[in-house]
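> Got a sequence here, can you build the structure:
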Amino acid sequence: MQQPSTPSSHGAGHHPTILTTTYSVFHIIMRTFGTYPNYNKRTRPLAYLTLLTVLLIFLLFLAQLTFMFLQAIVHQPIITVLEIHVISHSSFVLATILGMVIFTLRSKRLQCITSAIAQPDSSLDKTDQFLLKLCCHFTGSFLFHILGQFATVLTVKVTAIYSLSDSFFGLQVPAALLSSGMIIILTLAIAIRATHLGITALSCGILGIRFRRLTLSLKHHRDGKFTQSLDDHLKQHYYLSHLVHELDEVLAPSSLIFLASDIVVVTTLISYFISESVIEAPLGLFVTQGLPDRVTYIMYGIGAVGMLVTRVTASAFLNDQAQSIVPELYEILHMQGSQDSNLRMEKSVNVTLQRLRDIPVGLTGWDLFVLNKNFILTVLGLLATYLVVVVDISSKNECSLEYINVLSHPRANTTVGF
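Below you'll find the predicted structure:
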């Protein structure tokens, strides 16, 4: 892929260096888990072996979680919160497994695409360069958040249960050891998801900024303040749109899986926080609904909401900036007369407008929907509706428990009028 020519300018800044470094960190993490294999014949078997090992560890986590669930429901008649815990953790890990496999099969072109995205663009001014650096630091902060979350959760949990024992497939082992292993596995899954999100958000931010700069340049061209031709602007927009479509080919399937899983996790966490005050249900010592687990779930909830919001917002920003050229193109058509010299220009503009109508520029959910502003409203509406339903059901459950307590009281008959 060759980038169309752009106007030269001095002082392009150092953003390519920080972009390349940030992408390299994400690539190294992906290779560590085997999800971004080096396509060298010598190292490819090792990468797939690493991926297989990680997947087996995740499957072991799911098996132990299922064992805990079956063991708990034998002694616990109320299983609502148990189901919430199991759905939240198992759906997160299962989606991670599926997303890893699909991402591995499609990641061959990712390094080439990210290299093209990180190419220097001399048309970016100091504000754009600052925004690029901000994107790099923001996406890099995901990793620091994971480290902080892991250290906090592990310390709180181990401190609370260090002297207790728990069951590992029927064998009694120290509870701190078992819970630490489960937390480490969950942290690995979060790290994979955060790295995938980092690549997505960083790419969306960079491409969105370049689309924004292109639109401003086209506006200057329309006002006669810039010498770059209209054809160069249209070619540049096509090139950036092509990069977005190439990126979407790699990320769309795994993004759909991770996005759906994030929504499930957020909704189950809503159920947990609403129902925890009226239902007690232990799940081994890994999840008990005590204070350590409330701290864990609060941090877990913040991370899940943050990942969902970041993925949707970054993708919507990219789509919005890619479509921002449309009003400028219509303005150009309106300003031009009907001379023969303008017919070629008008045809080029109409072709670009038709392309943007037929093929929206942005990341998709495996071509099922476009992650744009309308999708943000859809997700917010879904979460709001679910919240109303859960609150209504929880209120009825509280009323039912109070009614049962009243009936079980010795003077219940006179109280309720029987």
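
> what mean pLDDT does the helix ranked longest in the chain have?
In the chain, with assignment by DSSP state H, the single longest helix is helix 175-222. The pLDDT scores in helix 175-222 average 90.

> ok now that helix, how far from the chain's centre?
Distance of helix 175-222 from the chain centroid (Cα atoms, centre = their mean, to the nearest Å) equals 7 Å.

> next SSE after it?
helix 230-275 (DSSP states H and E).

> Tell me the helices and strands packed up against that following helix.
With contacts defined as 3 or more Cβ pairs under 8 Å, 6 or more residues apart in numbering; DSSP states H and E, the packing partners of helix 230-275 are helix 80-106, helix 110-117, helix 175-222, helix 291-323, helix 343-358, helix 373-407. Using the backbone N, CA and C atoms, a C-beta is placed for each residue, glycine as well.

> Report the buried residues of the very next helix or strand once past the second one.
I take that to be helix 110-117. As assigned by DSSP H and E, the chain's next helix or strand after helix 110-117 is helix 126-161. Using 16 or more other Cβ atoms under 10 Å as the burial criterion, the residues of helix 126-161 that qualify are 128-129, 131-133, 135-136, 139-140, 142-143, 145-146, 149-150, 153-154, 156-158, 160-161.

> likewise stretch 229-238?
Using 16+ other Cβ under 10 Å as the burial criterion, the residues of stretch 229-238 that qualify are 230, 232-237.

> Can you show me the CA trace of that stretch as PDB?
The C-alpha trace of stretch 229-238 is given here as PDB (Å, rounded to 0.1, in the frame of the first residue of the first chain):
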ATOM      1  CA  SER A 229      -5.700  19.800  -5.300                       C
ATOM      2  CA  LEU A 230      -9.100  18.300  -4.700                       C
ATOM      3  CA  ASP A 231      -8.000  15.000  -6.300                       C
ATOM      4  CA  ASP A 232      -5.300  14.700  -3.700                       C
ATOM      5  CA  HIS A 233      -7.800  15.100  -0.900                       C
ATOM      6  CA  LEU A 234     -10.100  12.500  -2.400                       C
ATOM      7  CA  LYS A 235      -7.200  10.100  -3.000                       C
ATOM      8  CA  GLN A 236      -6.000  10.600   0.600                       C
ATOM      9  CA  HIS A 237      -9.500   9.900   1.900                       C
ATOM     10  CA  TYR A 238      -9.800   6.800  -0.100                       C
END
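
> now that stretch, how far from the chain's geometric center?
32 Å.

> Output the buried residues of stretch 229-238 as a markdown table; include the columns pLDDT and distance to Phe168.
What follows is the buried residues of stretch 229-238, written out as a markdown table (pLDDT from 0 to 100; distance: Cβ to Cβ, whole Å):
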| residue | pLDDT | distance to Phe168 |
| --- | --- | --- |
| Leu230 | 84 | 68 |
| Asp232 | 88 | 64 |
| His233 | 89 | 63 |
| Leu234 | 91 | 62 |
| Lys235 | 91 | 61 |
| Gln236 | 92 | 58 |
| His237 | 93 | 57 |
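
> Could you dump these into CSV and include distance to Thr268?
Below are the buried residues of stretch 229-238 laid out as CSV (distance: Cβ to Cβ, whole Å):
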residue, distance to Thr268
Leu230, 52
Asp232, 50
His233, 47
Leu234, 47
Lys235, 47
Gln236, 44
His237, 42
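
> For Ile257, state which of those residues is nearest.
Closest approach to Ile257 among the buried residues of stretch 229-238 (Cβ to Cβ): His237, at 30.3 Å.

> Surely the closest one touches Gln323?
No. Assessed by Cβ atoms under 8 Å, His237 is found out of contact with Gln323, at 10.6 Å.

> pLDDT weak spots in this protein?
Low-confidence segments of the chain (pLDDT under 70): 1-16, 37-39, 76-82, 222-228, 275-293, 336-342, 394-418.

> sorry, back to before: need the winner for burial among the helices and strands packed on helix 230-275.
For the helices and strands packed on helix 230-275, the largest average neighbour count (mean count of other Cβ atoms under 10 Å) is found in helix 175-222, namely a mean of 22.

> relative to helix 126-161, how tilted is it?
Relative orientation of helix 175-222 and helix 126-161, computed by axes from the mean of the first three to the mean of the last three Cα atoms, to 10 degrees: 170 degrees.

> how far away is Thr35 from Thr66?
In this structure, Thr35 and Thr66 are 24 Å apart, going by Cβ to Cβ, to the nearest Å.

> In terms of neighbours, single out the busier of these two.
Thr35 (26 against 12; other Cβ atoms under 10 Å).

> helix, strand or coil for the more buried one?
Here Thr35 is recorded as coil under DSSP: H, G, I helix; E, B strand; the rest coil.
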